[in-house]
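Novice: requesting a structural model of the entry that follows:
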Amino acid sequence: MDKDSWKFLRTLCDMPGPSGFELEVTRALKGYVEGYCDRAYSDKLGNTMFEKVGSKDGPVVLLAGHADECGFIITGVNPQGYLAFSQLGGWHDQVLLGQRVLVHTREGVVNGVIACKPPHLMEPEEAKKVITKDKMFIDVGASSKEEAEAMGVRLGDAVTPDSKMFTVVKQAFREGKPAGKRTIAFGKAFDNRLGAFASVELLKVLKKRDIKHPNKLVAAATVQEEVGLRGAKTVAASVNPDVAIVLDVDIAGDVPGIDPLQAPARMGEGVSITVYDGTMIPNQPLKELVISICEKKNIPHQLAYVVRGGTDGGSIHTSLTGVPTIVIGVPTRHIHSHVGLFDTADLESYMMLLVELAKALDRSTVDSLTSV
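Specialist: A predicted model of the protein is given here:
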């Protein structure tokens, strides 16, 4: 990945694009990759696909990364000018209070903060409880409903975290000894701009390096994953894939209070290969192929699972007459919050694996995934 790639990823992550409001993101992806693909097209739900033909007779390989992020939507303005909101995607109440947000109105962006009744005015028992979302509001500095509306706010406006991506270079240690440098990225929307970015970056790499691939690759920026895998329900019908690789993040379990058996993936240990999640058991020959490629090419990797939750793969693998599917991810800390973290080396491993998979998935290999 070159400097332009990292610059685009930063721009992509900083863009607003909660579920149902992905258009700015998909347009940016299109502008980035259209010089490296043979065709770009969209379906009626908003999924946007970028096709690169390596072999006209080869299998269709779907690379699906959802473009949406967790966000909010305005559901009311009270007489004092405070905004009620509902979540788009899963947010824990504990991560919201005091966080700055951006309200995206038809007239421009309005700054706000998520707040609640001051703890100084709560009864002792009330102050001990976790404040739930229905007790919170967004304060945009208005003092009346009229003032808020004059700022352009109305029901249905999207809200995103006010959080910019940045990186930190630090000393790495292994077994207590210095082991080079690590670059850690901080920011919002890594779930799942990383996957959407990787899908189009693959097409760029293959084109610029003139790497041959015996298939038709379709990079898809899917929509509305965070509210029920909705884009995944139509993307397979639009693409008719022979095999699917779902590109997402993985929950990094190297956080205090987490048993490694709950979330085995660790930030900085390589691309994660999901062996099981709450919505999908991967195609086993495909899983073994992915693992064997990592082993043969010395690509840092780790096996992972998610007992609850899932990805676009949950819908894609049962679409049409069935699609052999695997999920690979970048281990990421603190997803579904204002600031997540990932190790940039893991994204590099992710890309290395994708290039090798693009080269390996020929017709006979793909046919063998479902042979009995």
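Novice: tell me what the residue nearest to residue 317 when sequence neighbours are not counted is bridged to.
Specialist: Nearest-residue entry for residue 317: residue 325, 3.9 Å, with adjacent residues in sequence omitted and distances by CB to CB, 6 or more residues apart in numbering. No exception for glycine: its C-beta is placed from N, CA and C like everyone else's. The residues listed as beta-bridge partners of residue 325 by DSSP bridges are residue 244.
Novice: residue contacts, residue 325?
Specialist: With contacts defined as CB atoms under 8 Å, 6 or more residues apart in numbering, residue 325 is in contact with 243-246, 280, 282-283, 286, 313, 316-317.
Novice: state the distance from it to residue 62.
Specialist: In this structure, residue 325 and residue 62 are separated by 9 Å, where distance is defined by CB to CB, to the nearest Å.
Novice: overlap in contacts of these two?
Specialist: Between them, residue 325 and residue 62 share these contacting residues under CB under 8 Å, 6+ apart: 243-245, 316.
Novice: re earlier: and the contacts of residue 325 as CSV, adding neighbour count, pLDDT and distance to residue 186?
Specialist: Below are those laid out as CSV (neighbours: other CB atoms under 10 Å; pLDDT from 0 to 100; distance: CB to CB, whole Å):
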residue, neighbour count, pLDDT, distance to residue 186
243, 24, 98, 34
244, 28, 98, 31
245, 29, 98, 27
246, 32, 98, 25
280, 22, 96, 30
282, 22, 98, 30
283, 20, 98, 35
286, 22, 98, 33
313, 26, 97, 27
316, 29, 98, 30
317, 22, 98, 33
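Novice: in the stretch 101-250 of the chain, which spans are strands?
Specialist: In the stretch 101-250 of the chain, the segments counted as strands under DSSP state E, counting those that start in this stretch are 108-115, 137-139, 158-161, 166-174, 177-187, 216-222, 243-251.
Novice: pull up the pairing partners for the first one, direction included.
Specialist: Strands flanking strand 108-115 in the sheet, each with its direction: strand 100-105 (antiparallel), strand 137-139 (antiparallel) (DSSP bridges).
Novice: what bits of the stretch 51-200 of the chain have low per-residue confidence?
Specialist: Within the stretch 51-200 of the chain, no range satisfies pLDDT under 70.
Novice: if we go to 90?
Specialist: 117-130, 174-175, 179 (pLDDT under 90).
Novice: hmm, back to that, could I get the strands paired with strand 108-115 as a markdown table with distance to residue 154?
Specialist: Converted to a markdown table, the strands paired with strand 108-115 look like this (distance: least, CB to CB, whole Å):
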| stretch | distance to residue 154 |
| --- | --- |
| strand 100-105 | 7 |
| strand 137-139 | 13 |
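Novice: quick one: closest of those to residue 167.
Specialist: With respect to residue 167, and counting by CB to CB, the nearest of the strands paired with strand 108-115 is strand 100-105 at 20.6 Å.
Novice: quick one: the closest one to chain centroid distance?
Specialist: Averaged C-alpha coordinates place strand 100-105 at 20 Å from its chain's average position (CA atoms, centre = their mean, to the nearest Å).
Novice: mind checking the longest helix of this structure?
Specialist: Of all the segments assigned as helix in the chain under DSSP state H, the longest by residue count is helix 190-208.
Novice: in that one, which of the residues would be classed as buried?
Specialist: Buried residues in helix 190-208, counted by 16 or more other CB atoms under 10 Å: 190-206.
Novice: before we move on, back to that, among the strands of the stretch 101-250 of the chain, which comes closest to residue 339?
Specialist: In terms of CB to CB, the element of the strands of the stretch 101-250 of the chain nearest to residue 339 is strand 177-187, at 5.5 Å.
Novice: with distance to residue 165 added, can I get the shared contacts of residue 325 and residue 62 in CSV?
Specialist: Compiled in CSV, those are given as follows (distance: CB to CB, whole Å):
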residue, distance to residue 165
243, 32
244, 28
245, 25
316, 28
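Novice: which residue is the nearest non-sequential neighbour of residue 135?
Specialist: Distances taken as CB to CB, 6+ apart place residue 116 nearest to residue 135, at 5.5 Å, with adjacent residues excluded.
Novice: oops, could you answer that again for residue 255 instead?
Specialist: In space, not counting the residues next to it along the chain, residue 255 is nearest to residue 333; the distance is 6.0 Å by CB to CB, 6+ apart.
Novice: wait, isn't the one you found in contact with residue 343?
Specialist: No - counting by CB atoms under 8 Å, residue 343 is not a contact partner of residue 333; they are 9.6 Å apart.
Novice: overlap of the contact sets of the two?
Specialist: Counting by CB under 8 Å, 6+ apart, the contacts common to residue 333 and residue 343 are residue 267.
Novice: ok, the shared contacts of residue 325 and residue 62 vs residue 109, which is closest?
Specialist: Using CB to CB, residue 316 is the member of the shared contacts of residue 325 and residue 62 that lies nearest residue 109, at 34.0 Å.
Novice: got the phi and psi for that closest one?
Specialist: Reported as degrees, to the nearest 10, the phi and psi values for residue 316 are phi -60, psi -40.
Novice: from residue 172, how far out is it?
Specialist: Following CB to CB, the distance that separates residue 316 from residue 172 is 36 Å.
Novice: how about residue 178?
Specialist: From residue 178 to residue 172 the distance is 7 Å (CB to CB).
Novice: the more surrounded of the two?
Specialist: Set residue 178 next to residue 172 and count neighbours by other CB atoms under 10 Å: residue 172 wins out with 15 against 9.
Novice: in CSV, list the C-alpha atoms belonging to the strand or helix carrying residue 72.
Specialist: Secondary structure assignment for residue 72, by DSSP states H and E: strand 71-77. C-alpha atoms of strand 71-77 as CSV (Å, rounded to 0.1, in the frame of the first residue of the first chain):
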residue,chain,number,x,y,z
GLY,A,71,-24.5,6.3,13.8
PHE,A,72,-27.7,8.0,14.8
ILE,A,73,-30.8,9.6,13.4
ILE,A,74,-32.8,12.6,14.7
THR,A,75,-36.2,11.6,15.9
GLY,A,76,-37.4,14.8,17.6
VAL,A,77,-36.7,18.4,18.7
